[in-house]
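Q: what shape does this take:
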Amino acid sequence: MPDFIMKNICKSFPGVKALDQANFHASRGDIVALLGENGAGKSTLIKVLCGEHKPDEGEIIFEGKTLKIQNTRSAIEQKICAVYQELSLVPELTIAQNLFLGFYETGKTRMVSEKDMEQKTRDLFVEYGLEPLDPGMQVKKLSLAQKQVLEILKALNREGEIMIFDEATSALSEKYANWLMDIIRRLAEEKKIIIFISHRLDEIRKLCNRVIVFRAGTDVADMKMEEAENDELVRLMLGREIGGYYPKKEVFTKEETAIEMRNVTSGHKLTDVNLVLRKGEILGVGGLAGQGQSELFLALFGLIPYKGEIVINGKTVSLGSPRDAIKEGIALIPEERGLQGVVLAQSIRENIVLSSLNRIKNHLFLSEEKERRIVSEMMDAFAVKAESPETLVGTLSGGNQQKVVLAKQLATNPDILLMFDITRGVDVGTKKEMFNVVKKYASEGKAILFFSTDTEELVNVCNSIIVMNHGRVAGRIDDEELITRENIIRVSMGEKAV
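A: Numbers count the residues shown, from 1 in each chain. Sure thing, here's the model as predicted:
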């Protein structure tokens with residue numbers, strides 16, 4: 001009998017049956033992949049286990065004992081700890097305060113010692129082989145990758161027996177993804193139970209010994225990893241075959257320049273950046289994490305100040321705010337969708353039209369007819385799965401939230417698309433849809449700047465690639481035959497593509 005069992009779990013929300021007689025099991029030392037497309041029920045199952053949702057039916061059993069999980073604290077006290085896909089950190093608090101929030105042992109004095117807490121934070125960084133950060137630094141000052149590492153460290157600090165990693169590598173560089181996988185293997189050797197959720201099949205294959213596939217709110221397959229072929233896993237996830245994960249590459253690049261950067265510098269992150277992006281071109285941005293890629297996108301969308309010259313359609317412009325960028329026909333699909341991309345407490349409709357109110361105005365008033373048309377068009381274009389346009393974005397799966405981000409930005413009818421890691425945390429079927437969208441917009445003459453933490457996406461989607469190193473453009477690869485993972489690494493190290 002397995003050490004851990006979730007049996008016949010059911011959970012419904014208004015208009016949606018998220019879990020329907022769902023089952024999951026694992027034993028100590030297992031690293032089990034939980035696989036399924038966005039909306040398949042994976043996150044709901046995890047939230048039931050972690051006390052965020054109470055199941056309508058079903059039973060959770062650990063080592064022969066039925067667990068009564070009342071809330072998130074109850075789950076942690078019963079040694080169930082999770083790293084969530086969406087960050088749960090408090091931006092205004094420090095690194096140390098976030099790591100120990102709600103679980104700091106005060107002793108008899110019932111007083112919190114900041115000094116002691118900060119020392120324990122330093123000890124945690126050492127214990128898990130991480131480069132130290134100032135424990136007193138506010139979390140809002142960290143990069144997304146640093147926040148993700150902190151989220152992982154926060155879960156590890158709880159010393160759980162059942163550990164859940166929900167898309168924990170999606171915001172990490174290859175170096176830190178490998179670090180996390182080593183930590184997970186160590187936890188498995190210590191006989192912890194690991195539930196690992198990822199849409200990166202190569203990671204799952206390297207790490208997991210079993211895989212359970214969910215579709216439409218229930219489990220449809222349970223197999224050993226060595227017996228699971230990738231094509232079969234995708235078919236089980238989607239309930240259909242999926243051909244051609246990446247669309248066939250075509251070149252739509254025109255002679256006309258859409259945007260040019262001349263000696264653009266911003267703080268210590270961007271230094272004398274020069275690049276040319278042409279209409280119809282998909283220009284990838286590569287390089288190791290933290291080399292200025294994020295700042296490049298932020299500068300082009302008017303979110304950070306810069307020196308130098310930005311030329312759009314032959315005219316020098318001043319991008320002092322997102323409003324300026326939108327007026328110049330620029331749209332940004334940002335790094336952190338929950339913080340920068342959508343308003344989770346608002347409906348799909350409200351989010352989609354948020355950046356394009358000028359398109360639905362009739363003089364002083366908003367046109368409900370225009371609004372309905374734009375919302376309907378964008379929901380259809382991105383196949384947003386929801387009961388209605390009034391569904392709150394915060395209740396959607398991660399993949400559908402990302403579709404709303406895309407719909408919201410592309411509803412502005414932009415000419416230049418800044419796409420920053422648009423497939424982070426979405427399933428293989430949705431990724432294919434997004435790649436097709438990228439190709440479609442390029443075919444219409446839109447200029448696309450495309451960054452991904454997954455180098456394979458850069459190789460298979462982009463016409464050309466610039467490689468960044470220490471805030472500079474280290475080189476550019478235009479020859480399609482030279483656009484390879486190896487050459488991107490070579491250029492980032494100052495060598496030539498071969």
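Q: and the pLDDT for Glu167?
A: Looking at Glu167, its pLDDT reads 86.
Q: right, I mislabeled it, should have said Glu336
A: 80.
Q: wait, it sits on Leu144?
A: Yes: if you go by CB atoms under 8 Å, Glu336 and Leu144 touch, sitting 5.7 Å apart. For every residue, glycine as well, the C-beta is placed using N, CA and C.
Q: looking at these two, which is more packed in?
A: Between Glu336 and Leu144, Leu144 has the larger neighbour count (other CB atoms under 10 Å), namely 22 against 15.
Q: measure the more buried one to Glu387 for me?
A: Leu144 is 30 Å from Glu387, where distance means CB to CB, to the nearest Å.
Q: so what's the most centrally placed residue in the chain up against?
A: Central residue of the chain (CA atoms, centre = their mean): Arg424, 3.3 Å from the mean position. Contacts for Arg424 (CB atoms under 8 Å, 6 or more residues apart in numbering) come out as Glu167, Ser170, Ala171, Gln402, Thr453.
Q: with adjacent residues omitted, what lies nearest to the third one?
A: So the one you mean is Ala171. Gln148 (4.3 Å; CB to CB, 6 or more residues apart in numbering).
Q: got it, and the last one?
A: With sequence-adjacent residues excluded and distances taken as CB to CB, 6+ apart, Thr453 is closest to Asp421, at 5.6 Å.
Q: quick one, grab the pLDDT at that neighbour.
A: Predicted confidence (pLDDT) for Asp421: 90.
Q: now swap in Tyr104 and tell me
A: Note for Tyr104: predicted pLDDT of 66.
Q: related to what we said a few turns ago, from Ile31, how far off is the residue nearest to Thr453?
A: Taken as CB to CB, the span from Asp421 to Ile31 is 25 Å.
Q: now do Val384
A: Val384 sits 33 Å away from Ile31, going by CB to CB.
Q: partners of the one helix or strand in the chain whose mean pLDDT sits lowest in the sheet?
A: The weakest-scoring helix or strand in the chain, judged by mean pLDDT, DSSP states H and E, is strand 361-362 (a mean of 79). According to DSSP bridges, strand 361-362 forms sheet pairs with strand 365-366 (antiparallel).
Q: what separates Asp427 from Asn351, distance-wise?
A: From Asp427 to Asn351 the distance is 21 Å (CB to CB).
Q: go on, Gln119?
A: According to CB to CB, Gln119 and Asn351 sit 43 Å apart.
Q: re earlier: Throw the contacts of Arg424 into CSV and include distance to Leu396 and secondary structure, thanks.
A: Shown next, in CSV, are the contacts of Arg424 (distance: CB to CB, whole Å; DSSP: H, G, I helix; E, B strand; the rest coil):
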residue, distance to Leu396, secondary structure
Glu167, 15, coil
Ser170, 17, coil
Ala171, 19, coil
Gln402, 9, helix
Thr453, 22, coil
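Q: JSON lines for those residues, including neighbour count and distance to Glu368?
A: Shown next, in JSON lines, are the contacts of Arg424 (neighbours: other CB atoms under 10 Å; distance: CB to CB, whole Å):
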{"residue": "Glu167", "neighbour count": "22", "distance to Glu368": "37"}
{"residue": "Ser170", "neighbour count": "23", "distance to Glu368": "37"}
{"residue": "Ala171", "neighbour count": "25", "distance to Glu368": "38"}
{"residue": "Gln402", "neighbour count": "26", "distance to Glu368": "27"}
{"residue": "Thr453", "neighbour count": "21", "distance to Glu368": "40"}
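Q: circling back to that earlier point, next, count neighbours for the residue nearest to Ala171.
A: With neighbours defined by other CB under 10 Å, the count for Gln148 comes to 24.
Q: ok, now how distant is it from Thr253?
A: 34 Å.
Q: then Ile31?
A: With CB to CB as the criterion, Ile31 and Thr253 are 44 Å apart.
Q: okay, those two: which has more neighbours?
A: Set Ile31 next to Thr253 and count neighbours by other CB under 10 Å: Ile31 wins out with 24 against 19.
Q: and after the helix or strand hosting Asp182, which helix or strand comes next?
A: Assigned by DSSP states H and E, Asp182 belongs to helix 174-189. With elements assigned by DSSP H and E, the helix or strand that comes after helix 174-189 is strand 193-197.
Q: report the contact partners of the residue lying closest to Ser198 once chain neighbours are set aside.
A: Excluding its sequence neighbours, the residue lying closest to Ser198 (CB to CB, 6+ apart) is Ile204, at 5.7 Å. Listed by CB under 8 Å, 6+ apart, the contact set of Ile204 reads Ala33, Leu35, Phe196, Ser198, Val211, Met225.
Q: among those, which ones are buried?
A: Among those, those classed as buried by neighbour count (16 or more other CB atoms under 10 Å) are Ala33, Leu35, Phe196, Ser198, Val211, Met225.
Q: and the furthest pair within those?
A: Maximum pairwise distance among the buried ones among the contacts of Ile204 (CB to CB): 12.8 Å, between Ser198 and Met225.
Q: now do the shared contacts for these two.
A: Residues touching both Ser198 and Met225 by CB under 8 Å, 6+ apart: Ala33, Ile204.
Q: could you list the low-confidence segments of this structure?
A: The chain contains residues with pLDDT under 70 at 104-112, 241-244.
Q: can you list the domains in it?
A: Per the record, the chain has its domains at 4-238, 257-492, by automatic domain parsing.
Q: just the helices in the stretch 301-450 of the chain please.
A: With helices called from DSSP state H, counting those that start in this stretch, the stretch 301-450 of the chain shows them at 322-327, 348-352, 368-381, 398-410, 428-443.
Q: figure out which of those helices is closest to Ala258.
A: Closest to Ala258 of the helices of the stretch 301-450 of the chain is helix 428-443 (CB to CB; 11.3 Å).
Q: which parts of the closest one are buried?
A: Here helix 428-443 shows 428-435, 437-439, 441-442 as buried, counting by 16+ other CB under 10 Å.
Q: go on, stretch 13-28?
A: Burial within stretch 13-28, assessed by neighbour count using 16+ other CB under 10 Å, is assigned to Ala18, Leu19, Ala22, Asn23, Phe24, His25, Ala26, Arg28.
Q: stretch 136-152 now?
A: Using 16+ other CB under 10 Å as the test for burial, stretch 136-152 gives Val139, Leu142, Leu144, Ala145, Gln146, Lys147, Gln148, Val149, Leu150, Glu151, Ile152.
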